[in-house]
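**Student:** after the sequence you'll find the predicted model.
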Amino acid sequence: MFGNSFGGGFGDPFGGPSIMFSIVPIIVGIGFIVVFAIFIISAVKGVSQWNKNNVSPLLTVDAKISGKRADTSVRHHHHDDNMAMSHTTSSTSYYVTFEVESGDRMEFSVESHEYGMLAEGDTGKLTFQGTRYKGFKRAPITY
């Protein structure tokens, strides 16, 4: 009565279950596995980098600040799907690029208060451990 002319109900015209009921769970399962795998891979990379930094020597080298940049991300938040009730938050990450005597450049994430105290062209001693920035001591200015 409510089915199609082949008598199969709301499924496919030959009486079997709809192909959507077979494929959708597979697609959802694959999606879950992919997201879980990305999460695991990211966690393993993070722990690996943390461990590598821990076993790296603490180095202090002559360096020059060759660049600075700030990366600001803005997020809009809505309350209970009410577009009128929303707010915006932002966060800024600060990065400084150092050039060492060999000409190699290294970029490190730094805190905002330190970012403001550093200027392009400053020279001094850069201290780092692996990918961790530990500090920069500006060389005294000579006249």
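**Tutor:** Noted; the coordinates are in hand. Numbers count the residues shown, from 1 in each chain.

**Student:** correct me if wrong: Y94 contacts V110.
**Tutor:** Yes - under the criterion of C-beta atoms under 8 Å, Y94 makes contact with V110 at 5.2 Å. To be clear about C-beta, it is placed using only N, CA and C from the backbone, and glycine gets the same treatment.

**Student:** how many neighbours does L126 have?
**Tutor:** Residues near L126, counting by other C-beta atoms under 10 Å, number 23.

**Student:** check it and give its pLDDT.
**Tutor:** For L126, the model assigns a pLDDT of 97.

**Student:** which elements pack onto the worst-scoring helix or strand of the chain on mean pLDDT?
**Tutor:** For the chain, counting by mean pLDDT, DSSP states H and E, strand 82-100 ranks last in confidence among helices and strands (a mean of 87). Counting contacts by 3 or more C-beta pairs under 8 Å, 6 or more residues apart in numbering; DSSP states H and E, strand 82-100 is packed against strand 58-79, strand 105-110, helix 112-117, strand 132-138.

**Student:** adding mean neighbour count, distance to I27 and mean pLDDT, write these out as TSV.
**Tutor:** Formatted as TSV, the helices and strands packed on strand 82-100 follow (neighbours: other C-beta atoms under 10 Å; distance: least, C-beta to C-beta, whole Å; pLDDT from 0 to 100):
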stretch	mean neighbour count	distance to I27	mean pLDDT
strand 58-79	12	28	92
strand 105-110	16	38	97
helix 112-117	12	44	94
strand 132-138	15	41	96
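
**Student:** now these as TSV including distance to A37?
**Tutor:** Converted to TSV, these look like this (distance: least, C-beta to C-beta, whole Å):
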stretch	distance to A37
strand 58-79	25
strand 105-110	27
helix 112-117	35
strand 132-138	28
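
**Student:** and R138, bridged to which residues?
**Tutor:** As for beta bridges, R138 partners with G124 under DSSP bridges.
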